[in-house]
Every structure is written in C-alpha cells, then in structure tokens.
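Asks: Fold the stuff below for me.
(chains A and B)
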Number of protein chains: 2
Amino acid sequence: MSGSLIIAGLGPGNPAMVTPEVTLALSEATDIVGYIPYVARITPRPGLTLHPSDNRVELNRALHALQMAQSGQRVVVVSSGDPGVFAMASAVFEAVEAHPQFATLDIRVLPGITAMLAAAAALGAPLGHDFCAINLSDNLKPWALIERRLRLAAQADFAMAFYNPRSASRPDTFTQVLHTLRQDCEPTRLISFARAVSTPDQHLLTVTLEQAQPEMADMRTVVIVGNSATRRIGPHVYTPRSAG
Amino acid sequence: MSGSLIIAGLGPGNPAMVTPEVTLALSEATDIVGYIPYVARITPRPGLTLHPSDNRVELNRALHALQMAQSGQRVVVVSSGDPGVFAMASAVFEAVEAHPQFATLDIRVLPGITAMLAAAAALGAPLGHDFCAINLSDNLKPWALIERRLRLAAQADFAMAFYNPRSASRPDTFTQVLHTLRQDCEPTRLISFARAVSTPDQHLLTVTLEQAQPEMADMRTVVIVGNSATRRIGPHVYTPRSAG
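Replies: Coordinates of the predicted model:
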C-alpha cells in the first residue's frame, strides 16, 4: 500500500480563506499531524486520526508523519498560514534529509494564505512594492544575523513583514528591533501591528516608528513596517507601486 | 444605494487555489474589472458585467472601478495571485489618493495565493527561511534601485523571489540580474524557474547560478533564488529553518 504526505496550509484562521485543494486533502486524509491549535481546527470524522503535538517539536512531528506515510497512511501535516513560510514544510524536508529512507515517499506541499498577506490585505496594501519577510525568533539563528538583516533591509528600503516578533520567552528582543529600525528609518515611518488576523479577535494598529511600543506586539501578531513611501489613505495603509 | 469595491486575488491559476471568500465575492458582484486574461477566468452569468482591460492601464482601470462602486455597483477588481503583491491593490489606493471623492467608499482587499508561494510549494520549501520579493520590472522604478536591492538582499543572505523577471520589452535586463547575483553569490547557489505554476502548463526547472541562462525566464515565470543554505533533497528544493 502506498502512502502519501501532504503539508497543507490552513491560512490565518478564517475558514473562508482555506483553499479548496486543502479542504479536499483534509477530507481524504487518514491522519492529521500538527501543532495543537492547528489540529484543533480540523473537524473529527470516522476514519480520521488526529495527532496534535506541542510547539518546538517540529522535527519529531515531521518524523512521525513520515513514518505513518511510509506505512501506507494518507497523512496531512497542517500548518497555520502557508506551510512554506516559517512553518512545517522545511521541517519535513529536514527530517527527510536526516532519514534517507523517506526520500522516495510521495510528498506534496499545498500553499495557504500566509499571515503577512492576510494582514496586508486587512490593512490595505503595505506590501505593494518590494518587501522582505523576517522571522524575529532567535531559536534557530543567531541574533546578530537578525540585526544584520534588519539593517540591510532598511538600507534597501524594503517594506518588511516580521513573524514571531515577541514571545513569553523573548519579551525584550522586540525592543531591540525597534531600536535598530530607528537608526535607519525616519521617525514617521509607518509600522502596523496586525493581531489574530482574519479571526474574531483581529486587531489592527498602525502608528509611526516613533510611537511604536514593544507591547504592541505579541506572539499572535504580524508586524509590517512600510518602506519610505508607505502612507495612509483614509482607513488604509498602502505602499505605492513606484519608487525612486 | 451604497456600492462597494473588493480587490480580490484569484491565485496563480488553479481554480482549486481560489479561496471561498473570493468565490463568494465573485458570486455577489455586479461588475468584474481586471486585466483581460484574469477576467477571462470568471464564468459569465446574468446580472454580471465583465470589464476586461489591457495591461499597463492599471490607474484607469482602478478609476473606472471606483466610479462604478460610487454609483452603487458591487464591483470586484480581480488580480492574479494576491492583489497586494505587485498587483491591483496599490493601484486602487493610488487612484483613491488622486481622487479624494472616493475616500469614503467601502473598499476591501481579499488575499490570494501569490505566485511565489505557489511556486515555492511546487518546488518544496525554498522560502522556508527569511526571504525577499522583488519586482524586476523597471516600469515604475529606476534600474539602479533594482540593482541596489539585489546587492543588499544577497549580502543579507535572503532567499529571493523575482516577479516579472523578463518581458518582450525588456529581453536583456534579466541577463544583468544574473550578472549582479554572480558577483555576490557562489556559483553553486540554486536558482529555480517556475513557469505557469499550478496551471496545465506548469514547468519547474532548478539549476545552479552558474548554469542559469536568461532564456529560462519569461513573463509567466517566477524565479526563486535560494539562500546560501538552500539545497536539494530528492525532487525537492528546500531552505532549512536554521542559519548562521
């Protein structure tokens, strides 16, 4: 029996943002693997086994999913947002690289609406020109590299989207991020805090860099920093298509 | 009578990647506005007027959509991919800024699966770490700024996604892009050419920067350049979550 592994993006939270191909994959799965709150979004049904797991065990979770697929199951690993953006897709491929017996498995990635693009849409169009996406967690990279990327992104005048800006284990690093941005960006630069985008808890806040406070971000927030031309128009924030 | 304007993302081409909220908005629209090939993806029905327009008339198209919404119509402006990524959302807000009489209109943006994330999913997970997105068209920005962003992005060791890498009117600029990348990236750096992603014409090609040829890209191609750690595993290309 030939199993399969699909890594699927559930989008930012609103069920109306889940693509039909992801819904179909979920309906055909025998096993769903993922972080507890994401697996909680799947409706149970006969023939489907849910395997929720805790945060920070991505490689174990990936290995478990690969083993079940190898044994013939139709496994779907679920991620919030898009699985290829700071989520489970890379973790699965890391596990395959470490365990070559899985290299011949049928593995597919199904994209989803990633948090920064849902946040950008809710705000207007702040990522309408060249931009970058940076994960501000230093779990898997040195802090100096994050600082370096922030400086170079500011010099390039990229708009920037930040994932994982702040967490209980890193309450102070976002203070440092704001400090670094203030060295290279003007005080009136717009910065938006988009919390729990597309869910009933959605909260949007746009301020100037000068006004920004670390407490405006938490682990459910995506932060979007405009480029030097980003502006407000009515209730919206947008970055024009032209520059220079 | 109160009209509305929705700017909706149709995704990269596969109907199974259109989100339910976009499908609902299309079903409730009285008027659909957009570039000819995108409007061609909408099924005609009684009560719906299609307004296809040519490329490079984004501001006129936006103005037309705003005028119809102002007069009470339920207008949907369609974009390929995500409307907030090098697409119609910024053009609509530019038009609102230039014509303040539209500032009180009900305007919403509905995200879609943008080409780079569909391409990344089809390839594996090449954007699984920090990355940037750059529009290589110099219609709306000076070429020197594109060059500068490429250099800084390479120095930051971002993975990079390029939109509009090459067109009939700019057959040679992508040659210059490859030349610039070769100055800052090693010859074995992976570069992927993803053409017509998610459609029956989909074609994926991954080579080293040394092997890359300008002709590998055309106007339907998204190009993804890995970071220094991006690698192949079986048929897939992925960027590990850790760095440094």
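
Asks: Read off the pLDDT value for residue A:56.
Replies: In this model, residue A:56 is scored at 77, pLDDT.

Asks: swap in residue A:224?
Replies: 98.

Asks: Okay, and it sits in which element?
Replies: strand A:221-225 (DSSP states H and E).

Asks: Can you mark which positions in the helix or strand that that strand is followed by are buried?
Replies: For strand A:221-225, the following helix or strand on the C-terminal side (DSSP H and E) is strand A:231-233. Buried residues in strand A:231-233, counted by 16 or more other C-beta atoms under 10 Å in any protein chain shown: A:231, A:233. Just so you know, the C-beta spots here come from the backbone N, C-alpha and C atoms, and that holds for glycine as well.

Asks: Repeat that for stretch A:105-117.
Replies: Quick answer for stretch A:105-117 (16+ other C-beta under 10 Å): A:105, A:107-117.

Asks: Adding distance to residue A:167 and secondary structure as columns, could you present those residues in TSV?
Replies: As requested, the buried residues of stretch A:105-117 are exported to TSV (distance: C-beta to C-beta, whole Å; DSSP: H, G, I helix; E, B strand; the rest coil):
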residue	distance to residue A:167	secondary structure
A:105	33	coil
A:107	30	strand
A:108	31	strand
A:109	26	strand
A:110	27	strand
A:111	26	coil
A:112	22	coil
A:113	23	coil
A:114	19	coil
A:115	15	helix
A:116	17	helix
A:117	22	helix
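
Asks: which one of those is nearest residue B:236?
Replies: For those, the closest approach to residue B:236 (C-beta to C-beta) belongs to residue A:107, at 7.0 Å.

Asks: ok, that closest one - contacts?
Replies: A:4-7, A:69, A:92, A:96, B:236 (C-beta atoms under 8 Å, 6 or more residues apart in numbering or on different chains).

Asks: next one: residue A:87
Replies: A:9, A:79-81, B:128.

Asks: Need the max-distance pair from the residues you listed.
Replies: Maximum distance among these (C-beta to C-beta): 14.6 Å, for A:80 and B:128.

Asks: Among these two, which residue is more densely surrounded?
Replies: residue B:128 (31 against 23; other C-beta atoms under 10 Å in any protein chain shown).

Asks: Just say helix, strand or coil for that one.
Replies: Applying DSSP: H, G, I helix; E, B strand; the rest coil to residue B:128 yields a three-state assignment of coil.

Asks: For the nearest residue to it once chain neighbours are set aside, what is the enclosing helix or strand?
Replies: Distances taken as C-beta to C-beta, 6 or more residues apart in numbering or on different chains place residue A:90 nearest to residue B:128, at 3.2 Å, with adjacent residues excluded. Take DSSP H and E as the rule and residue A:90 turns out to sit in helix A:88-98.

Asks: now residue A:51
Replies: Using DSSP H and E, residue A:51 falls in strand A:49-53.

Asks: elements contacting that strand?
Replies: strand A:31-35, helix A:36-39, helix A:58-70 (3 or more C-beta pairs under 8 Å, 6 or more residues apart in numbering or on different chains; DSSP states H and E).

Asks: how about TSV for those, with distance to residue B:190 and mean neighbour count added?
Replies: Converted to TSV, the helices and strands packed on strand A:49-53 look like this (distance: least, C-beta to C-beta, whole Å; neighbours: other C-beta atoms under 10 Å in any protein chain shown):
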stretch	distance to residue B:190	mean neighbour count
strand A:31-35	28	24
helix A:36-39	29	15
helix A:58-70	22	20
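
Asks: where does chain A dip in pLDDT?
Replies: A:1, A:244 (pLDDT under 70).

Asks: close to chain B, is the helix or strand encompassing residue A:161?
Replies: If you go by DSSP H and E, residue A:161 is part of strand A:159-163. No. Strand A:159-163 stays clear of chain B (C-beta under 8 Å from any C-beta of the partner chain), getting no nearer than 9.1 Å.

Asks: Can you give me the buried ones in whichever helix or strand comes after that strand?
Replies: Next along the chain after strand A:159-163, taking DSSP H and E as the criterion, comes helix A:173-184. Across helix A:173-184, burial judged by 16+ other C-beta under 10 Å covers A:173-174, A:176-178, A:180-181.

Asks: ok so, going back, I figured the residue nearest to residue B:128 hits residue A:77, correct?
Replies: No. Counting by C-beta atoms under 8 Å, residue A:90 does not reach residue A:77; the two are 11.7 Å apart.

Asks: quick one on the thing from earlier: compute the distance between the residue nearest to residue B:128 and residue B:119, please.
Replies: 15 Å (C-beta to C-beta, to the nearest Å).

Asks: Tally up the residues packed near the residue nearest to residue B:128, please.
Replies: Count around residue A:90 with other C-beta under 10 Å applied: 27.

Asks: Does stretch A:59-76 reach chain B?
Replies: No. Judged by C-beta under 8 Å from any C-beta, stretch A:59-76 makes no contact with chain B; its nearest approach is 9.6 Å.

Asks: I meant stretch A:24-33, not that one.
Replies: Yes. Using C-beta under 8 Å from any C-beta, stretch A:24-33 comes into contact with chain B via residue A:24.

Asks: Over to that stretch now: how far is its first residue from its last?
Replies: 16 Å (C-alpha to C-alpha, to the nearest Å).

Asks: Can you give me every residue that contacts residue A:34?
Replies: A:51-53, A:61, A:77-79, A:88.

Asks: repeat that for 6 Å
Replies: Residue A:34 makes contacts with A:77-78, as judged by C-beta atoms under 6 Å, 6 or more residues apart in numbering or on different chains.

Asks: just residue A:127 next, same as before
Replies: So residue A:127 contacts A:120, A:159, B:84 (C-beta under 6 Å, 6+ apart).

Asks: Name the nearest residue to residue A:132, ignoring sequence neighbours.
Replies: For residue A:132, the spatially nearest residue (C-beta to C-beta, 6+ apart) is residue B:132, at 3.8 Å.

Asks: so residue A:123 makes contact with residue A:190?
Replies: No. Residue A:123 is not in contact with residue A:190 according to C-beta atoms under 6 Å; the separation is 9.6 Å.

Asks: ok, these two, which is more surrounded?
Replies: Set residue A:123 next to residue A:190 and count neighbours by other C-beta under 10 Å: residue A:123 wins out with 27 against 24.

Asks: Who does the closest residue in space to the more buried one that isn't next to it in sequence form a beta bridge with?
Replies: Nearest non-adjacent residue to residue A:123, counting by C-beta to C-beta, 6+ apart: residue A:237, 4.7 Å away. Judged by DSSP bridges, the bridge partners of residue A:237 are residue A:124, residue A:232.

Asks: what about residue A:237, how many residues close to it?
Replies: Using other C-beta under 10 Å, residue A:237 has 24 neighbouring residues.

Asks: which ones are touching it?
Replies: Neighbours of residue A:237 in contact, by C-beta under 6 Å, 6+ apart: A:123-124, A:126, A:190, A:192, A:206.

Asks: Please report how far it lies from residue A:135.
Replies: Residue A:237 is 22 Å from residue A:135, where distance means C-beta to C-beta.

Asks: Same question for residue A:233.
Replies: Distance from residue A:233 to residue A:135, by C-beta to C-beta: 30 Å.

Asks: again with residue A:2
Replies: Residue A:2 is 35 Å from residue A:135, by C-beta to C-beta.

Asks: which one of these two has more residues nearby?
Replies: Neighbour tally, residue A:2 and residue A:135, criterion other C-beta under 10 Å: the higher count belongs to residue A:135, 22 against 9.
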